[in-house]
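Q: Provided below for reference: sequence and predicted model.
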Amino acid sequence: MRLDRIMTSPVETILPGATAAEAKALMARARVHHLVVLGRGGRITGVLCTHDLRGTDPDTTVGDLMSAPAVTLSARADVQDAAKLLRRRNVGCLPLTDRGRLVGIVTAADLLALLGKGTLRVQARSTKWILPKRGPTHRPTPRRA
């Protein structure tokens, strides 16, 4: 399954010059846990999550608190690639791009919700091997002497 089918769009964004208090207010208003930080020309420069804001001075800038550089992925990528990247890089979200433009975001919670629905299988089903002329329904023919 491709990420563009489960991504959240539009994405809540913030500028690096904004304060931590503004970021907290935006997260509360939008009911999100992650903000994508956009720099010059709308380029993704980092990601800010609620964990980054804990215990910080309200006047601290987002540019000082954000995780940079942001780990991004194409919106056409596979869900399993996203899960591997989240695990390998130990991040909570992935901003998704299409031709260099921000189009959505996928979080670890989105992937867990997909797994909970049963849409994504962690392990492929094994094939059942059936041996010919074996099993409870097989009746061997008697041998002639």
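A: Good, I have the coordinates.

Q: State the number of residues packed around Cys93.
A: 25 (other CB atoms under 10 Å). In this view, the C-beta of every residue, glycine as well, is placed from N, C-alpha and C.

Q: In contact with it, which residues?
A: The contact partners of Cys93, taken as CB atoms under 8 Å, 6 or more residues apart in numbering, are 34, 47, 49, 86, 105-108.

Q: again, only this time at 6 Å
A: 34, 105, 107 (CB atoms under 6 Å, 6 or more residues apart in numbering).

Q: pLDDT value on it, please?
A: In this model, Cys93 is scored at 91, pLDDT.

Q: Ok, Gly39 next?
A: Reading off the model, Gly39 has pLDDT 88.

Q: which stretches of this structure have low pLDDT?
A: Along the chain, the parts satisfying pLDDT under 70 run over 118-141, 145.

Q: So which residues of it form strands?
A: Along the chain, counting by DSSP state E, strands occupy 13-14, 34-38, 44-49, 73-74, 93-98, 101-107.

Q: want to throw those strands into JSON lines with distance to Asp64?
A: JSON lines is the format used below for the strands of the chain (distance: least, CB to CB, whole Å):
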{"stretch": "strand 13-14", "distance to Asp64": "13"}
{"stretch": "strand 34-38", "distance to Asp64": "11"}
{"stretch": "strand 44-49", "distance to Asp64": "10"}
{"stretch": "strand 73-74", "distance to Asp64": "25"}
{"stretch": "strand 93-98", "distance to Asp64": "19"}
{"stretch": "strand 101-107", "distance to Asp64": "22"}
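
Q: Those strands: which one's closest to Ile6?
A: For Ile6, the closest of the strands of the chain is strand 101-107, at 6.4 Å, according to CB to CB.

Q: how about the closest one: buried residues?
A: 102-107 (16 or more other CB atoms under 10 Å).

Q: what's that strand packed up against?
A: Applying 3 or more CB pairs under 6 Å, 6 or more residues apart in numbering; DSSP states H and E, one finds that strand 101-107 contacts strand 93-98.

Q: and the strand it packs on with strand 34-38, angle?
A: Angle of strand 93-98 versus strand 34-38, following axes from the mean of the first three to the mean of the last three CA atoms, to 10 degrees, is 50 degrees.

Q: Done for today, thanks.
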